[in-house]
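Student: turn this into a model:
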Amino acid sequence: MNVNLKPMDAEQLRENAHKMVDFIADYYKNIENFPVLSQVEPGYLHKLLPDSAPTKPESLQHVLDDIQEKILPGVTHWQSPNYFAYYPSNSSIAGFMGEMLSAGLNIVGFSWITSPAATELEVIVLDWFAKMLKLPEDFLSAGQGGGVIQGTASEAVLVVLLAARDRLSRRTGKTALEKLVAYASDQTHSSLQKACQIAGIHSENCRVLKADSSTNYALSPELLNEAISHDLAAGLIPFFLCATVGTTSSTAVDPLPALGEIAKRNGMWFHVDAAYAGSACICPEFRHYIDGVEDADSFNMNAHKWFLTNFDCSLLWVKDRNALVQALSTNPEFLKNKASQANLVVDYKDWQIPLGRRFRSLKLWMVLRLYGLENLQDYIRNHVKLATHFESLVALDPRFEVVTPRIFSLVCFRLLPPQNDEHCCNKLNRDLLDAVNSTGNIFISHTVLSGTYILRFAVGAPLTEERHVNGAWQVLQEKATSLLGSL
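Tutor: Alright, predicted model coming up:
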């Protein structure tokens, strides 16, 4: 019994942390034995755990037993090699060790003085990453811009939207708020609409422009120009444009050069969301997808999606860091210090919504150092190769079709209806999704494009190999045969 477990003791930490690492290592060793998608029913855990916290301490082994027996059945295994849903959320040995070190140090680095290394390492690794992506020098810390780690892309778009709003209000006055208009395609992540709600942008002034198959679901510059012209004629003020490189539904890539020109011409803040696909742009053959970022005011990608960096670690760069600081800064007496007052340092509390922040740069630093650029590029390329392989398997089966062009490591496809009966096609694919996911052998997700129900197969888990892709396709074929035979 751990009846004498102290709040902190080096030797007790060593003993218990070894046990926890062993538990986690065994989890990864056996991860393929779990159903990928949790098969429990809502409320299952209330039946298994007591109504109140224990009065007396319990042993670590007792807790680990409960995790094995009660918690893991309710976990969807995002790190399984058979996980192909949504987009990946990578973990790695390097990322895990960085996360463990961050937890061990447990600093709260809201300002430079609270842990100088936390601030300065973040500045350095964000500059490293910007150079890997070949971002314009305006995004580097040596100039007026710089990078910051946010929790998610949702936080990133919110803070730059607030910066854009306040930058404009300083010119037009705060009474113009009800006239501000933000623009994006209907394929843009829903976090933009939430950001508009939080920022006080009227919902009717959040322009969600329709994208369709004629542009492979990218935002049309012509449609954007029409919307802006209409709004200007109505006395409204265009102020924010969000483009996406790798949309959530289908990895569509908005035309950054054309959109950047429109934003510049209309004095709008231009934000580029590359949450998923940004990782691929460290490879020279994919870098062209962010051509036009030169005209962007901000750029965001998630290292925690496809870059072996444990959640959460969303990288945001801005050309004008003062725009963020002016929108988000507070300076209460109890936080004042000489370094901050003299403007000698970066205080990241003024680049984000919360005050407190974790030492997240440690895990990104360890990923970059322990893997190196060449291995990280090969890691991305391997997933693209596996997705290309899956795409070829789909193309060989006349019962299926690939719906949108594969760009990165996502394949959008569907099972075709018999006799081309489109009326039953959506239900057919919904049933196929349910059938394959209920096996527990694989987990895929869906989207809807132009009213059509589409299946998504996203390759990106660190443990995924070609045999897992082949196995997933076999499950899909078997369930498709069963469904078609029952019609």
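
Student: tell me where the stretch 351-487 of the chain has strands.
Tutor: Along the stretch 351-487 of the chain, counting by DSSP state E, counting those that start in this stretch, strands occupy 400-402, 410-415, 445-449, 452-458.

Student: pick the most buried one from those strands.
Tutor: Using mean count of other C-beta atoms under 10 Å, the stretch among the strands of the stretch 351-487 of the chain with the largest mean neighbour count is strand 410-415, at a mean of 26. C-betas here are computed from N, CA, C, even on glycine.

Student: and that strand, how far from the chain's centre?
Tutor: 21 Å (C-alpha atoms, centre = their mean, to the nearest Å).

Student: can you name every helix or strand that it contacts?
Tutor: helix 361-396, strand 400-402, helix 425-438, strand 452-458, helix 466-485 (3 or more C-beta pairs under 8 Å, 6 or more residues apart in numbering; DSSP states H and E).

Student: hey, which of those is tucked in deepest?
Tutor: With neighbours taken as mean count of other C-beta under 10 Å, the helices and strands packed on strand 410-415 reach their highest mean count in strand 452-458, at a mean of 21.

Student: how about the helix or strand residue 230 falls within as CSV, C-alpha atoms only?
Tutor: According to DSSP states H and E, residue 230 maps onto helix 221-233. Extracted in CSV, the C-alpha atoms of helix 221-233 (Å, rounded to 0.1, in the frame of the first residue of the first chain):
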residue,chain,number,x,y,z
PRO,A,221,-11.3,34.1,-55.4
GLU,A,222,-14.0,35.2,-57.8
LEU,A,223,-16.7,34.3,-55.2
LEU,A,224,-14.8,36.1,-52.5
ASN,A,225,-14.4,39.3,-54.6
GLU,A,226,-18.2,39.3,-55.3
ALA,A,227,-19.0,39.0,-51.6
ILE,A,228,-16.6,41.7,-50.6
SER,A,229,-17.9,44.1,-53.3
HIS,A,230,-21.5,43.4,-52.1
ASP,A,231,-20.5,44.1,-48.5
LEU,A,232,-18.6,47.3,-49.3
ALA,A,233,-21.7,48.6,-51.3
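
Student: just the buried residues of that helix, please?
Tutor: The neighbour-count check on helix 221-233 (16 or more other C-beta atoms under 10 Å) flags 221, 223-224, 227-228, 231 as buried.

Student: that one - contacts with which helices or strands?
Tutor: strand 180-185, strand 206-209, strand 237-244, helix 256-265.

Student: and residue 25, how many neighbours?
Tutor: 11 (other C-beta atoms under 10 Å).

Student: pLDDT score for it?
Tutor: For residue 25, the model assigns a pLDDT of 97.

Student: on that earlier part again, between the helices and strands packed on strand 410-415, which one is closest to residue 38.
Tutor: Judged by C-beta to C-beta, the one of those that comes nearest to residue 38 is helix 425-438, at 10.3 Å.

Student: which strands and helices sit next to that closest one?
Tutor: strand 410-415, strand 445-449, strand 452-458, helix 466-485.

Student: mind doing that once more with 6 Å?
Tutor: strand 410-415, strand 452-458, helix 466-485 (3 or more C-beta pairs under 6 Å, 6 or more residues apart in numbering; DSSP states H and E).

Student: returning to that earlier point: may I see the helices and strands packed on strand 410-415 arranged in CSV, with mean pLDDT and distance to residue 213 as well?
Tutor: Formatted as CSV, the helices and strands packed on strand 410-415 follow (pLDDT from 0 to 100; distance: least, C-beta to C-beta, whole Å):
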stretch, mean pLDDT, distance to residue 213
helix 361-396, 98, 17
strand 400-402, 97, 12
helix 425-438, 96, 16
strand 452-458, 97, 10
helix 466-485, 96, 23
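
Student: looking at the ones you listed, which is nearest to residue 412?
Tutor: Of these, nearest to residue 412 by C-beta to C-beta is strand 452-458, at 5.1 Å.

Student: related to what we said a few turns ago, in TSV, list the helices and strands packed on strand 410-415 along with distance to residue 351.
Tutor: Formatted as TSV, the helices and strands packed on strand 410-415 follow (distance: least, C-beta to C-beta, whole Å):
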stretch	distance to residue 351
helix 361-396	13
strand 400-402	41
helix 425-438	39
strand 452-458	30
helix 466-485	39
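
Student: show the pLDDT at residue 424.
Tutor: pLDDT at residue 424 comes out at 88.

Student: got the contact list for it?
Tutor: residue 417 (C-beta atoms under 6 Å, 6 or more residues apart in numbering).

Student: same question for residue 394.
Tutor: Neighbouring residues of residue 394 by C-beta under 6 Å, 6+ apart: 400, 402, 413.

Student: hmm, 7 Å instead?
Tutor: Taking C-beta atoms under 7 Å, 6 or more residues apart in numbering, we find residue 394 in contact with 400, 402, 411, 413.

Student: would you confirm that residue 377 contacts residue 284?
Tutor: No: in this structure residue 377 lies outside contact range of residue 284 using C-beta atoms under 7 Å: 8.4 Å.

Student: quick revisit: can you add distance to residue 160 and give the helices and strands packed on helix 425-438 back as a markdown table?
Tutor: Formatted as a markdown table, the helices and strands packed on helix 425-438 follow (distance: least, C-beta to C-beta, whole Å):
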| stretch | distance to residue 160 |
| --- | --- |
| strand 410-415 | 25 |
| strand 452-458 | 26 |
| helix 466-485 | 37 |
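
Student: out of those, which comes closest to residue 118?
Tutor: The nearest among those, by C-beta to C-beta, is strand 452-458 at 32.6 Å.

Student: quick one, which of the helices and strands packed on strand 410-415 gets closest to residue 78.
Tutor: strand 452-458 (11.4 Å).

Student: that closest one - which strands sit beside it in the sheet, and in what orientation?
Tutor: When pairing is defined by DSSP bridges, strand 452-458 lines up against strand 410-415 (antiparallel), strand 445-449 (antiparallel).

Student: for residue 353, which of these is the nearest?
Tutor: So among the strands paired with strand 452-458, strand 445-449 is nearest, using C-beta to C-beta, at 28.2 Å.

Student: distance between the closest one and the chain's centre?
Tutor: Offset of strand 445-449 from its chain centre (C-alpha atoms, centre = their mean): 17 Å.

Student: that strand - what's its average pLDDT?
Tutor: For strand 445-449, the mean confidence score works out to 96.

Student: so what touches it?
Tutor: Strand 445-449 is contacted by residues 85-86, 217, 249-250, 403-404, 433, 453-456 when judged by C-beta under 7 Å, 6+ apart.

Student: run the last query once more with 8 Å
Tutor: With C-beta atoms under 8 Å, 6 or more residues apart in numbering as the test, strand 445-449 has contacts from 85-86, 213, 217, 248-250, 403-404, 412, 429-430, 433, 453-456, 458.
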